[in-house]
Each structure stands twice: as C-alpha cells, then as structure tokens.
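[1] Quick one, fold the following:
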Amino acid sequence: MSFAIVVRVEEGFLVAEVAGSIDGRTAPEVQQRVLDRIEQSQDVILAVSGVPYMSSAGFRMLLLLHRTLSARGGKLLLAGLSEDIQDTMETTGFLQYFPLGADVAEAMSLVRAAAM
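    Next up, the predicted model:
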C-alpha cells in the first residue's frame, strides 16, 4: 500500500489525514508535516481511518506529538482509529493520552464539548 498525508486547516483545527502504514519509514514524515504547520495552542486531529498498521515508531511519533502539543497548549486527537491499533494502544497504555473520535467531525465535537 502506498503512503499519503494531506494536512489542512479545518474550522481552526489542523487536520492531518494519513493513508497507509505508519512505521519507521513514514512516522518521521507525519511528525514533520504536523510540526511544520501547527500554531501555538492549536489542536491537531490525526485522521487515521486509512491506516491499517502502526509500528512502535508510529506510537513514539504519537507520543512526541502529544508532548509537543501539550507544551504549546494544544491537544492531539485521533479520528477513525482501527480496532486493531486501538487494542494495541489500550494494551500498552497509549490510549489514555489521545481522545478518540469516530471521524474528524466527532473529534472536533469532543474538543468543543470539553471547552464548555
């Protein structure tokens, strides 16, 4: 499967839509593309419904983005996470750091509801 990432701003959120596996080869690209575009205290939604596999390099990248965004006053949310990846993240304790939405719209709603 090929790899693609599209980064856009949508309703004030930085949305990074990823398709393909996130592994040692692709995780640095995801990380850099997000870091290049974030602004202070901006929330980021990583749309991963097109990601069938995530290696430990992908999990490290998520944790690094989480820490970076937290330090800037923002959050990293995951949208469309596959059941297999979600199970792995839950088992390893990673899931506790990332609010999950079924899709980008639901992830946006989670942030808005938390702000009320």
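[2] Was I right to think residue 72 contacts residue 43?
    No. Using CB atoms under 8 Å, residue 72 makes no contact with residue 43, being 10.2 Å away. Glycine gets a C-beta too; all of them are placed from N, C-alpha and C.
[3] pull the helix or strand with minimum mean pLDDT from the chain.
    Within the chain, no helix or strand scores below helix 104-115, which has a mean of 90 by mean pLDDT, DSSP states H and E.
[4] So which elements touch that one?
    strand 13-19, strand 44-50, strand 76-79, strand 100-101 (3 or more CB pairs under 8 Å, 6 or more residues apart in numbering; DSSP states H and E).
[5] Could I get the CA-only coordinates of stretch 91-104 as CSV?
    Taking Å, rounded to 0.1, in the frame of the first residue of the first chain, the C-alpha atoms of stretch 91-104 are listed here in CSV:
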residue,chain,number,x,y,z
THR,A,91,-2.9,-2.7,26.0
THR,A,92,0.3,-0.5,26.0
GLY,A,93,-1.3,2.4,27.9
PHE,A,94,-1.0,4.8,25.0
LEU,A,95,-4.7,5.3,24.5
GLN,A,96,-5.1,7.3,27.7
TYR,A,97,-3.2,10.2,26.1
PHE,A,98,-5.4,10.6,23.0
PRO,A,99,-9.1,11.5,22.8
LEU,A,100,-10.7,9.4,20.0
GLY,A,101,-13.4,10.3,17.5
ALA,A,102,-15.0,8.0,15.0
ASP,A,103,-14.3,10.7,12.4
VAL,A,104,-12.9,14.2,12.1
